[in-house]
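Participant: What shape does this take:
(chains A and B)
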Amino acid sequence: MKRKKIIIFLQRGFFFVTTTQKIVSLQFQKLLNDIIMVKTILLAALVIGAIGLIAAVILYFVSKAFKVIEDPRIDEVAAHLPGANCGGCGFAGCRALAEAIVKSNSLEGRKCPAGGDMAAIAKVMGLEAAESEPMIAVVRCNGTAENAPAKVNYDSAISCQFASSIFAGESACPFGCLGCGDCVKACKFDAIHLDPVTQLPVVEEEKCVGCGACAKTCPRKVIELRYKGKFNRRVFVSCINKEKGAVARKNCSAACIGCGKCAKICPFEAITVENSVAYIDFTKCKSCRKCVAECPTGAIHTANFPPKKETPSDAPTSQETPSSNENNQ
Amino acid sequence: MKTFKLGGIHPEENKLAKTCTVEYFPIPKQAVVFLTQHLGAPATPVVQKGDKVKVGQLIGKAEAFICANVHSPVSGTVSKIEPATDFLGYKKDAVFIDVEGDEWDESIDTTPDLVSEIKLTKAEIIDRMKACGIVGLGGACFPTHVKYLVPPDKKVDYLIINAAECEPYITVDYRMMLERAEEVMVGIEAMLVASNAPVALIGVEANKPDAIEHLTEVAKKHPKIQVVKLKTKYPQGAEKQLINALTKRNVPNGKLPIEVGCIVNNIATTYAIYEAVQKNKPIVENFMTVSGKSVPAPKNFRVRIGTSIADILNAVGIPEDTGKIISGGPMMGKAMSNVNAYTVKGMSSLLLMNDKESKRGEVYECLRCGKCVHACPMGLEPYMLYACSDAQLYEDCEKRGIMNCIECGSCSFGCPSNRPLLDIIRLGKNRTGAMIRARK
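Facilitator: Residues are numbered from 1 along each chain as shown, chains lettered A, B, ... in the order given. Purely as a prediction, here's the structure:
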């Protein structure tokens, strides 16, 4: 019995000793590990910190040595521009225009056509903003499916520029709109769309800012920038066909035939007829609409005029309306 | 069998007018002769309204360096000089002549006899080419005499005659080889004199075995001329590809064939040179195939320049299912938008494609299958050029070699997504070219 007890005691004692030993060694090792870890962290922190410090010193001196002084007004001017980078001003983007304005310190010939606040920019620059008439894109083609029926079908890459290089157009008019929508692609303001019925581009007046991107991209120069006009009212010749009247009419019933009737009746000498096509100078036109009634092919279009009434008082320009009414009769 | 290395395609041959001998098309009642029938500046008119002209009389004089003389193809009275509509619908200056009889200029030998002895010297032959308004009749209409003005530091090793006729449908060159081989050989002899080349190689595709046999037979009398059989593969007849196939030389990018000692001329040009040099006859007539799958009787015509295209089409009959009319071959030709136009130099065929053939398939996204890359004979990547041109990245286009594109249409031909590859690449090439020129 005693022997058994002794064995049990010894077993327990051994167990106790081994477990305590284990615990102590574990604790010791943990401590050791901790010390090593702290050391590593400290070392890393010190190394990184030192590199940072050296870099900071170098960067400080480099920044001192290569300092770029930018005019703070560039940012201020750019803030007043729309930021669409449409390129309508002739510069690569809004920032480029701002830089050009600040560098040259003048507003001459530098104008944001897309609705930039030129008055505010002038204030920033301490200059005077020149007053200018707002512009709008105008599509000068009458070649609807009805007026100029298609003689051939175009079945190739949808690009006006390409189409223009391979043929004269579906209606055979070598001057008219090709209807492939290069202008739609060019517009950054979503302001021009192809009419599904007429296949001609239509300008949305509220959205158009007159940047001229569409006019630039059109291979036929059908789109032109014109004055928006008083109350958004405009008169323009919706044809640029330079062929002789009979030839032009063969392809399009609403083509300008260059008869010159409009030029004769115009009281402001705004209309010129050259290469058998009439052109209304928008800087001289007073929107009297005498020419509209005179045109035999209906090539002169108006925009945003209220429908004509018999009483002269309702017409926008009371002086001219009676005479135009006489012409109608 | 010789061939070029890279790419190439195998379109359906459709040589429908193969067995038809060349017929003379009746002289038109009114001829309208454009003053721009060639690459380069327009010719200046030297006749006035009311003038009487004879066949072969000079009516448009070449004044620029790259320009060609224009001669009256008919005899009669000049009724007016004003713009006329060409087959693309654009206006070009033209001379309208009302035809009266068929009186030829006295200096022209109109007899059909073969004149095989060449009396003129090198300089005289080149002058004659210029005077007779010879242009490359393969399609590009480049004034031929300019090709023979070899710079003094260059030497011509090979005179290459392009008789591959790799375009489907067209058969005029084939007919010429069978019917006018002797004349062609004399024309080549004259060109050998003009170019000082030691040897002339005629490249003919293997799909014309009887033409090769006939030419080889005739060439036995001419020790300097060799007939070479080429593999039937499009575009075997393209200038750079033909040089590669026949001489294993590569024309450097943006350079002319003379850089590697070659002059390339079409076989139709050779015949025109024969007539000019031996008979003093300017280009007043065109060889023309009128063909198409639905055309009841395809024909090979010899047509006076200035004949109304509508008249020619009516002569063979326009089938009801015609979807597209093409001037030139189906691969490189241009679709006509106006048939009330008039024939010009180098218009070698009129094709009436039926509805089914002419319709383009629905366009899908690019699969990146690489068929276009495999087909391109210039080793370009058409899908990439398309993407760059479409995004208007012309600088990238230039880097990827868009200017080396020969516009053969092999890429569009095989595209399983029916993408208009060549259309957009052509536009991109145009724009990139303009950009490069603006830089200078």
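
Participant: Could you tell me how far the helix or strand containing B:Val373 lies from the centre of the chain?
Facilitator: Assessed by DSSP states H and E, B:Val373 sits inside helix B:371-375. The chain centroid and the centroid of helix B:371-375 are separated by 25 Å under C-alpha atoms, centre = their mean, to the nearest Å.

Participant: List the buried residues in it.
Facilitator: Neighbour-count burial for helix B:371-375, with 16 or more other C-beta atoms under 10 Å in any protein chain shown as criterion, is recorded at B:Lys371, B:Cys372, B:Val373, B:Ala375. Where C-beta positions appear, they are placed from N, C-alpha and C, glycine not excepted.

Participant: how near is the residue in the stretch 151-300 of chain B that chain A sits nearest to to B:Arg175?
Facilitator: At 16.9 Å from chain A, B:Gly292 is the closest residue in the stretch 151-300 of chain B, using C-beta to the nearest C-beta. As for B:Gly292, its distance to B:Arg175 is 17 Å (criterion: C-beta to C-beta, to the nearest Å).

Participant: In a markdown table: the buried residues of helix B:371-375, plus distance to chain A and pLDDT.
Facilitator: As requested, the buried residues of helix B:371-375 are arranged in a markdown table below (distance: C-beta to the nearest C-beta, whole Å; pLDDT from 0 to 100):
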| residue | distance to chain A | pLDDT |
| --- | --- | --- |
| B:Lys371 | 19 | 92 |
| B:Cys372 | 15 | 93 |
| B:Val373 | 20 | 94 |
| B:Ala375 | 19 | 93 |
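
Participant: Closest one of those residues to A:Glu133?
Facilitator: B:Cys372 (50.6 Å; C-beta to C-beta).

Participant: what packs against the helix holding B:Val373?
Facilitator: When contacts are defined as 3 or more C-beta pairs under 8 Å, 6 or more residues apart in numbering or on different chains; DSSP states H and E, helix B:371-375 sits against helix B:382-390, helix B:410-414.

Participant: Now with 10 Å, please.
Facilitator: Applying 3 or more C-beta pairs under 10 Å, 6 or more residues apart in numbering or on different chains; DSSP states H and E, we find helix B:371-375 packed against helix B:382-390, helix B:410-414, helix B:421-439.

Participant: between the ones you listed, which one is nearest to A:Glu128?
Facilitator: Of all those, helix B:421-439 sits nearest to A:Glu128, with 37.0 Å by C-beta to C-beta.

Participant: Give me the buried positions along that closest one.
Facilitator: Of the residues in helix B:421-439, B:Leu421, B:Leu422, B:Asp423, B:Ile424, B:Ile425, B:Arg426, B:Leu427, B:Gly428, B:Lys429, B:Asn430, B:Arg431, B:Thr432 count as buried by neighbour count, 16+ other C-beta under 10 Å.

Participant: got a list of what the fourth one touches?
Facilitator: Same thing as B:Ile424. Applying C-beta atoms under 10 Å, 6 or more residues apart in numbering or on different chains to B:Ile424 gives the contacts A:156-159, A:162, B:382, B:385-390, B:412.

Participant: which element follows the helix or strand harbouring A:Val77 toward the C-terminus?
Facilitator: Using DSSP H and E, A:Val77 sits in helix A:72-79. Helices and strands here follow DSSP H and E; after helix A:72-79, the next one along the chain is helix A:94-104.

Participant: Give me the next element, helix or strand, following that next one.
Facilitator: Past helix A:94-104, the next helix or strand by DSSP H and E is helix A:118-125.

Participant: and residue 33, what helix or strand is that in?
Facilitator: All of this is about chain A. Assigned by DSSP H and E, A:Asn33 falls in helix A:2-65.

Participant: that answer is for a different chain, and I need it for chain B
Facilitator: Here B:Val33 is assigned to strand B:30-34, by DSSP H and E.

Participant: Pull up the pairing partners for that strand, direction included.
Facilitator: Next to strand B:30-34 in the sheet, as set by DSSP bridges, lie strand B:91-99 (antiparallel).

Participant: quick one, helices of the stretch 201-329 of chain A?
Facilitator: In the stretch 201-329 of chain A, the segments counted as helices under DSSP state H, counting those that start in this stretch are A:213-217, A:245-251, A:261-265, A:290-294, A:321-328.
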